[in-house]
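Participant: Quick one, fold the following:
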Amino acid sequence: MTHAPGRHALVVADDLTGANATAAGLARARLRAVTVTGEERTETIAEFASRFDAVVVSTNNRHTTPQESAAAARRVLEAGWPAALVSNRIDSTLRGNIGATTAALVTGLRAHGEDVVALCIPAHPDADRHTVGGVQLLRGHRLEETELAHDPRSPMRRSEVAALMAEQTDLPTRSIPLETVTGPSEDLATALAEAVADGVGIVIVDAVTNEHVQRTAEVAAALPDITWLSVDPGPATVALARALGLGETAPRAPYLAVSGSATGLTRRQLARLSSAREVHVVRVVLDDDGLPDPDATTAALTEAIAGAGGEEVVLLASALGEDELLPHEARHRIPAALARSTRDALRAQAVEGLYLTGGDLAAACLGELAADGLDVADEVAPLAVAGTLVGGPWSGLPVVTKGGLVGDDDTAVACLAFLERTAAAIRRNVQPARPRPTH
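Facilitator: Now for the predicted structure:
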């Protein structure tokens, strides 16, 4: 699984519930979304940024100090940058450190050279949260007129979005009223562009319906030379992701097939695969002694994956023809050498799925990929097992393993088709994940 570098959405969420809800909305928009708990897991965030269309990180910072919340937001930004869209997912009733986190992300993005302005659309129409006249309403009432006024941890004393922002940031704000949002698109575009030109740091936009949110996102995304930091409880992030063309138009990665078997059946299966699909063949590189050279093989494999198109297949094989059969000593070292090259290549280039043929090769690869196991989904054919990796840096990666003497001539084609279906299903669903331990 992959996308072009920097073509993902990076969401800093204030709590896990909001993170999961935002990820679900992004998944419905056909982005491959993953939720991560804990902004301190920077390596996990960076890994997922290269493998998913949307990385949503719960910092659980709603009730921390403004300084702690700002620091957490900056950690997420640095771990997941560069990104096509950065979002500060705030509480739909504006509790927490919305000003501090917004300011931290604006400052961080500007440090990366971005001409950024925060686009704050705090409405969540499906949850009866609306913004009118720059005031946040819960089921038609000001926040301080609801039970939120008695929240034991974050009692709400006011509903004016700009005033709440001003409690924690000096960034200048401007509100765009509902009459502009519902008027001609040209007027909305002019209002947004003028705010940017005037040096406004946070633009607060009224919205009552999902159409208002979507309309504002589309107009904002169409303005040139502006990077928007989305500040919202989820719907505007999804709308901006759609407007920016993330997910559905993001290029897909190739599939990787690795063969450590030299049986006649395996060679026929790979030949059938090559005739049925676009296959880029990488052969094992041998050193001067005729033994596998993992480093040279890794270099060739990495280059092939980087150059292959989405949905194509890169095949790393020890032998494709009878005249290519290796000497006994070389064959003995093939599983370990191919597994190492596979691991090292996947560190540099992501793939949509992994097909492993040869029992020793499959075992060696799972070991090198540091997987705890295989979440088995089905048998594509008798003794050809499909599932996803569990644990390790590539947890969730679709995999099919089979022995060298398993199946018929069409089995490799069937296995790749299964990987395609699994990858498509993953793209449609949220993939929650726990951070990888650092020790």
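Participant: from here on, contacts and neighbour counts on C-alpha atoms
Facilitator: Will do.
Participant: Pull out the buried positions in stretch 10-19.
Facilitator: Across stretch 10-19, burial judged by 16 or more other CA atoms under 10 Å covers 10-16, 18-19.
Participant: and of those, the nearest to residue 50?
Facilitator: Closest approach to residue 50 among the buried residues of stretch 10-19 (CA to CA): residue 10, at 11.3 Å.
Participant: Turn the buried residues of stretch 10-19 into a markdown table, columns for secondary structure.
Facilitator: A markdown table is the format used below for the buried residues of stretch 10-19 (DSSP: H, G, I helix; E, B strand; the rest coil):
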| residue | secondary structure |
| --- | --- |
| 10 | strand |
| 11 | strand |
| 12 | strand |
| 13 | strand |
| 14 | coil |
| 15 | coil |
| 16 | helix |
| 18 | helix |
| 19 | helix |
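Participant: ok, so of the residues you listed, who is nearest residue 309?
Facilitator: For those, the minimum distance to residue 309 (CA to CA) is 24.7 Å, reached by residue 10.
Participant: how far away is the closest one from residue 125?
Facilitator: Residue 10 sits 23 Å away from residue 125, going by CA to CA, to the nearest Å.
Participant: With residue 302 instead?
Facilitator: 46 Å.
Participant: which sections of this structure are below the confidence cut-off?
Facilitator: Applying pLDDT under 70 to the chain picks out residues 1-6, 248-251, 321-330, 427-439.
Participant: Just say helix, strand or coil for the most centrally placed residue in it.
Facilitator: Centroid-nearest residue in the chain, with CA atoms, centre = their mean: residue 52, separated by 2.4 Å. The assignment at residue 52 comes out as coil when based on three-state DSSP.
Participant: got it, and the one 10 residues further on?
Facilitator: The local conformation at residue 62, judged by three-state DSSP, is coil.
Participant: that older thread, ok, the buried residues of stretch 10-19 vs residue 337, which is closest?
Facilitator: Of the buried residues of stretch 10-19, the one sitting nearest to residue 337 (CA to CA) turns out to be residue 10, at 36.0 Å.
Participant: was I right about the closest one contacting residue 79?
Facilitator: No - between residue 10 and residue 79 there is no contact under CA atoms under 8 Å: 9.7 Å.
Participant: For the chain, which segments count as helices?
Facilitator: 16-28, 42-49, 66-80, 98-111, 161-166, 178-181, 185-197, 210-222, 235-243, 264-276, 294-307, 328-348, 359-368, 411-428 (DSSP state H).
Participant: Could you save these as TSV and add columns showing distance to residue 119?
Facilitator: Converted to TSV, those look like this (distance: least, CA to CA, whole Å):
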stretch	distance to residue 119
helix 16-28	17
helix 42-49	23
helix 66-80	17
helix 98-111	10
helix 161-166	12
helix 178-181	13
helix 185-197	9
helix 210-222	9
helix 235-243	9
helix 264-276	48
helix 294-307	35
helix 328-348	34
helix 359-368	44
helix 411-428	27
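Participant: Dihedrals phi and psi, residue 262?
Facilitator: phi -110, psi 20 (degrees, to the nearest 10).
Participant: distance of it from residue 361?
Facilitator: Separation of residue 262 from residue 361 (CA to CA) stands at 11 Å.
Participant: cool, residue 68 as well?
Facilitator: Residue 68 is 47 Å from residue 361, by CA to CA.
Participant: Among those two, which residue is more densely surrounded?
Facilitator: A direct count of neighbours by other CA atoms under 10 Å for residue 68 and residue 361 places residue 361 higher, at 25 against 14.
Participant: Please tell me how far the nearest residue to the more buried one once chain neighbours are set aside sits from residue 366.
Facilitator: The shortest distance from residue 361 to any non-neighbouring residue, by CA to CA, 6 or more residues apart in numbering, is to residue 335 (4.4 Å). For residue 335, the distance to residue 366 equals 11 Å [CA to CA].
Participant: ok, those two, which is more surrounded?
Facilitator: More crowded of residue 335 and residue 366, by other CA under 10 Å: residue 335, with 25 against 21.
Participant: and residue 284, how many neighbours?
Facilitator: Look at residue 284: counted by other CA under 10 Å, it has 24 neighbours.
Participant: Might you report the residue contacts of it?
Facilitator: Applying CA atoms under 8 Å, 6 or more residues apart in numbering, we find residue 284 in contact with 292-293, 297, 316-318, 338.
Participant: What about the residue lying closest to residue 283 once chain neighbours are set aside, how many residues nearby?
Facilitator: Take residue 283 and drop its neighbours on the chain: the residue closest to it by CA to CA, 6+ apart is residue 317, 5.3 Å away. Neighbour count for residue 317, taken as other CA under 10 Å: 21.
Participant: you'd agree residue 317 is up against residue 281?
Facilitator: Yes - counting by CA under 8 Å, residue 317 does reach residue 281; the two are 7.4 Å apart.
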